[in-house]
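# quick one: sequence and predicted model below, then my questions.
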Amino acid sequence: MIKLAKNLSRLGDENAFAVLARAAELVAQGSDIINLGIGQPDFPTPPHIVEAAIKALKDGHHGYTPAAGISPLREAVAADIHRRLGVEVDPGHVVVMPGGKPTMFFAILMFAEKGAEIITPDPGFPIYRSVIDYSEARAVPLPIREENGFAFSADDLLELITPATRLIILNSPANPTGGVTPGDEIDKLVKGLEQWPDVAILSDEIYGQMTYDGLEHKSLLTYESLRERVILLDGWSKTYAMTGWRMGYGVWPARLVDHIRRLAVNCHSCVNAPAQYAGIAALEGPQDCVREMVSAFDERRAFVAAQLNKVEGIRCEVPKGAFYALPNITATGWDERSLASSLMEEGGVATIAGTDFGGHGAGFIRLSCANSLENIAAAIERIENFLGEHEPKLTH
Ligand SMILES: Cc1ncc(COP(=O)(O)O)c(C=O)c1O
């Protein structure tokens with residue numbers, strides 16, 4: 001009998017992919033499902049980006065590249081960060097990855113070991129918790145509260161830090177809540193972190209260009225006092241509708257760059273070469289494609305919240321960023337797992353249970369706005385009808 005390593009049983013999953021597969025299966029069997037489950041833009045990658053990849057292939061870019069990415073791409077990332085955030089970044093500190101996820105995987109493994117604590121948002125992107133659990137470290141959930149508009153609280157976070165804390169994971173604008181933490185709260189956190197100079201921060205800013213109602217995204221990279229210990233995670237998946245290209249990057253403190261480069265060499269050697277050329281075209285080309293997508297998400301997230309708030313038993317914070325809404329469904333009498341699964345199997349709408357993002361997601365379901373306004377309107381009508389026609393079910 002083969003014997004697997006124990007930690008494999010602690011590796012979690014991202015249920016959004018299972019929901020996607022189940023929705024596709026039901027559709028193949030003839031069901032009509034509106035998919036508000038998966039977090040990927042419903043737009044195609046802009047044509048000039050696709051053309052750049054085709055050109056790269058025709059130009060013969062078929063081989064390995066440096067593990068950290070080709071120089072013009074790392075330079076384009078540094079220039080983009082300067083343009084958007086006003087921060088000077090050494091292109092040598094930019095490490096390109098196959099998507100946003102590997103930066104979090106490697107950053108967590110870099111700090112995780114027995115006895116180490118890692119603070120992670122709850123509800124939060126499930127992979128943070130999964131990788132921490134896979135490692136020997138202990139996950140310390142940072143509650144993200146509805147009453148706080150789903151912003152994280154600097155005080156809540158600072159209280160969780162102990163001498164065992166190695167890494168703090170932050171995500172604003174956030175998945176699954178749509179919360180954006182205001183600049184003054186981040187200022188307060190950064191001030192408090194001065195007391196903990198040995199703690200590193202992984203700031204997942206993959207939705208950084210998606211904020212609404214005039215709210216500004218404040219990047220952790222803009223704080224000079226943190227530059228030696230902040231890892232910025234960003235990428236092309238959401239901003240340029242490039243989820244399938246697998247293109248992301250991290251900006252690393254000087255002393256970590258060689259470690260992450262070695263991890264990359266050991267894992268994947270380098271990122272797909274033509275995709276890297278597409279990445280340059282995305283950053284250096286016209287940005288109106290980004291503005292158009294963000295404005296579509298803006299309209300939809302306002303619509304989703306307004307419509308959901310009309311449904312009896314549902315209360316929905318207006319998302320301030322990203323493209324998700326996390327309505328509170330406790331007053332419907334359903335729990336989030338039963339509701340998400342019954343909506344999929346009987347109600348014709350794919351959503352995700354809040355507890356797929358952590359224990360503090362109990363009583364919530366996540367809806368992705370990556371679908372047309374018409375489909376979103378129809379989905380919410382289906383949810384309302386479903387609730388009106390079915391007795392609440394509780395599985396826990
Ligand atoms: C908060 C957050 N970080 C990272 C990612 C991963 O992005 P990628 O598909 O580029 O790996 C996602 C994707 O859903 C996300 O929501």
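Sure thing, it's come through. Residues are numbered from 1 along each chain as shown.
# burial check on the nearest residue to Leu387 once chain neighbours are set aside, number of neighbours?
Spatial nearest neighbour of Leu387, chain neighbours left out: Thr332 (5.6 Å); criterion: CB to CB, 6 or more residues apart in numbering. C-beta coordinates here come from the backbone N, C-alpha and C atoms, glycine included. Here the number of neighbours of Thr332 (other CB atoms under 10 Å) works out to 22.
# Ser9 too?
Neighbours around Ser9, by other CB under 10 Å: 9.
# what does the residue nearest to Leu387 show for phi and psi?
phi -80, psi -20 (degrees, to the nearest 10).
# next up, the contacts around it.
By CB atoms under 8 Å, 6 or more residues apart in numbering, Thr332 lies in contact with Glu312, Gly313, Ile314, Leu339, Leu387, Pro392.
# going through those residues, which ones are buried?
For the contacts of Thr332, a burial check counting by 16 or more other CB atoms under 10 Å picks out Gly313, Ile314, Leu339, Leu387.
# and the last one, that one's in a helix?
Yes - secondary structure assignment (DSSP: H, G, I helix; E, B strand; the rest coil) places Leu387 inside a helix.
# so Val265 touches Ala67, yeah?
Yes - using CB atoms under 8 Å, Val265 is in contact with Ala67, at 4.6 Å.
# these two: who's more crowded?
With neighbours defined as other CB under 10 Å, Val265 and Ala67 compare such that Ala67 has more, 19 against 13.
# surely the more buried one and Leu263 touch.
No - using CB under 8 Å, Ala67 makes no contact with Leu263, being 9.1 Å away.
# which bits of the stretch 1-150 of the chain sit near the ligand?
Gly39, Gly99, Gly100, Lys101, Phe125 (CB under 6 Å from any ligand atom).
# burial count for the residue nearest to Phe364 when sequence neighbours are not counted?
Of all residues not flanking Phe364 in the chain, Gly354 sits nearest, at 3.2 Å (CB to CB, 6+ apart). Residues lying near Gly354 (other CB under 10 Å) number 27.
# helix, strand or coil: sort out the residue nearest to Ser342 when sequence neighbours are not counted for me.
Of all residues not flanking Ser342 in the chain, Lys393 sits nearest, at 6.4 Å (CB to CB, 6+ apart). Classification of Lys393 by three-state DSSP places it in coil.
# any idea how far Lys393 lies from the ligand?
From Lys393 over to the ligand the distance is 28 Å, taken as CB to the nearest ligand atom, to the nearest Å.
# ok, Leu189 touching Leu157?
Yes - with contact defined as CB under 8 Å, Leu189 reaches Leu157; the gap is 6.1 Å.
# any idea how far apart the tips of stretch 240-256 sit?
End-to-end distance for stretch 240-256, by CA to CA, to the nearest Å: 28 Å.
# how about stretch 205-220?
End-to-end for stretch 205-220, by CA to CA: 9 Å.
# where does the stretch 251-396 of the chain get nearest to the ligand, residue-wise?
Closest residue of the stretch 251-396 of the chain to the ligand, CB to the nearest ligand atom: Ala322 (7.4 Å).
# ok, now which ones touch that residue?
Counting by CB under 8 Å, 6+ apart, Ala322 has contacts Pro173, Ala174, Asn175, Gly178, Tyr207, Met210, Lys238.
# also Gly115?
Counted by CB under 8 Å, 6+ apart, Gly115 has contacts Glu136, Ala137, Ala164.
# in a strand, it, correct?
No - under the criterion used here (three-state DSSP), Gly115 is coil, not part of a strand.
# apart from its chain neighbours, what residue comes closest to Tyr212?
Asp298 (4.8 Å).
# can you tell me the helix or strand for that neighbour?
If you go by DSSP states H and E, Asp298 is part of helix 288-308.
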